[in-house]
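> Below is the sequence, then the predicted model.
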Amino acid sequence: MFEFKLIAECKTTGARAGEFITPHGVIKTPVFMPVGTLATVKAMSPRELVEINSQIILGNTYHLYLRPGNEIISKAGGLHEFMHWDKPILTDSGGFQVFSLARLQKITDENVMCRSHIDGSQLIMSPEWSMTTQGILGSDIAMCFDQCCEYPATHDKAEEAVRRTTLWAKRSKNFFMNNNDSSRQALFGIIQGSVYDDLRERSADEIINLDFPGYAIGGLSVGESHAAMYHSLELLNNIMPKDKPRYLMGVGYPLNLVEGIARGVDMFDCVLPTRNGRNATVFTSKGRLNMRGKIYAEDFSPLDDECDCYTCKNFTRAYLRHLAMTGEILGARLFSWHNLRFSIRIAEQAREAIINGTFPKFLEDFNAKFHDDNHSED
RNA sequence: GGUGGAAUGGCCGAGUGGUCAAUGGCAACAGACUGUAAAUCUGUCGACGGGAGUCUACCAUGGUUCAAAUCCAUGUUCCACCA
């Protein structure tokens, strides 16, 4: 269980194609993983997720601990049963909420004293709490409880996050090995270090020494430039073991996906497809479109004529804009549907290209075609 | 026919002598969103000008006043009630 097989590697870039075996199925990499924080990928049913070939989705420890809570998840028989999803699930540890809900908490080496963003009640997050909750959730892949550093951060601040992340990784693994079912659940380590090379190297070294079945790169896509992100990925590509999956946390902007794959990343997750979908922005093979734009009012062409999704095969831009302008739920659904399929298809196409030995061309073509005025730095 | 009330920027609606080109909301237009406190948030929203500013504006016309969306007169339209 949890074996990672490297199937092909690109000869000129760092891109890899592989398979990761889990209790709920084989994940073909590179893979894009839709985010379903609260036991639902917002606006999508599990049936639809299967239709767009979602191989694995995410859930969130912090959010699910608050609602519905461990007792109900436990009674339901775990997260898979609870939400009727029988493919793999990866649960984030709550570490990201230490970052995103930072104002509501006090962090020490021991734990994170936090206030619920829902009702202000106190809860204490720790590696042990996270492992316990992820054990109850029963995800295929659990994540270490880490500290994600804000950007920009001083070297000292970033170093503290690295130190604490290692400390917590040790506690996470120790507790996990003694209490969780490691035959049914894999625990991934998380590398921090912000944009500092020495810290990234140190964090990678410390986390890899703890020996996990997979490694995640955290603390990126938090505001740094794409160039800085790519630099860190290149650095880590040379350090991380080839026989383990690499997961770039929180990344899903289309250009970042292909560039991440080119730098040896196997797994991605991101809220962007669903969040932007709900806000009527879509990604297409030619770039990003804000579908609330008046210019689409009488545009009867599909969102993306190269896309194979339900939205693109059946609806016009004019109709989709109408749904967006009227705030109809179907608009949020159809945009999310497309964006997810678009992201998943990038990974599928990249995989195919890697296996066929044509990845460099795929990368070049994708970059040439995808236009976005707001991300022209790349 | 009588009595009372109301007319404000695309819409709704505040404002009752100067600090009003006029609060709010909606609509519209534009933008943002990367391990989800997000079906959310931000900006613009009379015209011209880079700007200082100028012009046109609160039903119409006339008037009072240094000054009117705000006061007065007449008219028009609408609403309510009574016949």
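Received it, and whenever you're ready, just let me know what you need.

> ok, the residue located most distally from the centre of chain A - contacts?
Here chain A reaches farthest from its C-alpha mean at residue A:298, the gap being 35.4 Å by CA atoms, centre = their mean. Residue A:298 makes contacts with residue A:318, as judged by CB atoms under 8 Å, 6 or more residues apart in numbering. For the C-beta atoms, the positions are set from N, CA and C on the backbone; glycine is no exception.

> so it, which of the three states?
coil (DSSP: H, G, I helix; E, B strand; the rest coil).

> near RNA strand B, which residues of the stretch 51-200 of chain A?
By CB under 7 Å from any atom of the strand, the residues of the stretch 51-200 of chain A that approach RNA strand B are A:58, A:60, A:63, A:92-93, A:95-97, A:99-101, A:103-104, A:117, A:143, A:146, A:148, A:190, A:192.

> Okay, and which of the residues you listed map to strands?
A:58, A:60, A:92, A:143, A:190 (DSSP state E).

> Surely residue A:35 is in contact with residue A:270?
Yes: look at residue A:35 against residue A:270 with CB atoms under 8 Å: they come within range, at 6.6 Å.

> So these two - more neighbours on which side?
residue A:270 (26 against 23; other CB atoms under 10 Å).

> OK, contacts around the residue nearest to residue A:49 when sequence neighbours are not counted?
Once flanking residues are discounted, residue A:49 sits nearest to residue A:41: 5.9 Å by CB to CB, 6 or more residues apart in numbering. Contact analysis of residue A:41 by CB under 8 Å, 6+ apart lists A:34-35, A:49, A:54, A:57, A:274, A:336, A:340.

> Identify those among those residues that sit within helices.
For those, membership in helices holds for A:49, A:274, A:336, A:340, with DSSP state H as the criterion.

> Just give me the neighbour total for residue A:211.
10.

> per-residue confidence at it?
According to the prediction, residue A:211 has pLDDT 98.

> Please apply the same query to residue A:372.
Confidence score, pLDDT, at residue A:372: 86.

> From RNA strand B, how far off is it?
According to CB to the nearest atom of the strand, to the nearest Å, residue A:372 and RNA strand B sit 8 Å apart.

> One more: residue A:14?
18 Å.

> Per-residue pLDDT of that residue, please?
Reported pLDDT for residue A:14: 97.

> my guess is it contacts residue A:262, does it?
Yes: counting by CB under 8 Å, residue A:14 does reach residue A:262; the two are 6.3 Å apart.

> who has more neighbours, these two?
residue A:262 (25 against 20).

> Quick check: closest non-adjacent residue to that one.
Per CB to CB, 6+ apart, closest to residue A:262 is residue A:13, 4.3 Å.

> Which strand or helix spans that neighbour?
Following DSSP states H and E, there is no helix or strand that holds residue A:13.

> pretty sure residue A:220 is in contact with residue A:250, am I right?
Yes: Residue A:220 lies in contact with residue A:250 (CB under 8 Å); the separation is 7.2 Å.

> These two: which is more packed in?
Neighbour tally, residue A:220 and residue A:250, criterion other CB under 10 Å: the higher count belongs to residue A:220, 28 against 22.

> Looks to me like the more buried one is in a strand.
No: read with three-state DSSP, residue A:220 is coil and lies in no strand.

> Any figure for the gap between it and RNA strand B?
Shown here: residue A:220 relative to RNA strand B, a distance of 7 Å by CB to the nearest atom of the strand.

> who's in contact with that residue?
Contacts of residue A:220 (CB under 8 Å, 6+ apart): A:229, A:232-233, A:248-251.

> 7 Å instead, please
A:229, A:232, A:248, A:251 (CB atoms under 7 Å, 6 or more residues apart in numbering).

> Which ones among those residues also lie next to RNA strand B?
Restricting those to contacts with RNA strand B (CB under 7 Å from any atom of the strand) yields residue A:251.

> what's across from the residue at minimal distance from the centre of chain A in the sheet?
In chain A, the residue lying closest to the centroid (CA atoms, centre = their mean) is residue A:269, at 1.7 Å. Legend: beta-bridge partners of residue A:269 under DSSP bridges are residue A:33.

> Wait, it touches residue A:59, no?
No: if you go by CB atoms under 7 Å, residue A:269 and residue A:59 don't touch, sitting 10.8 Å apart.
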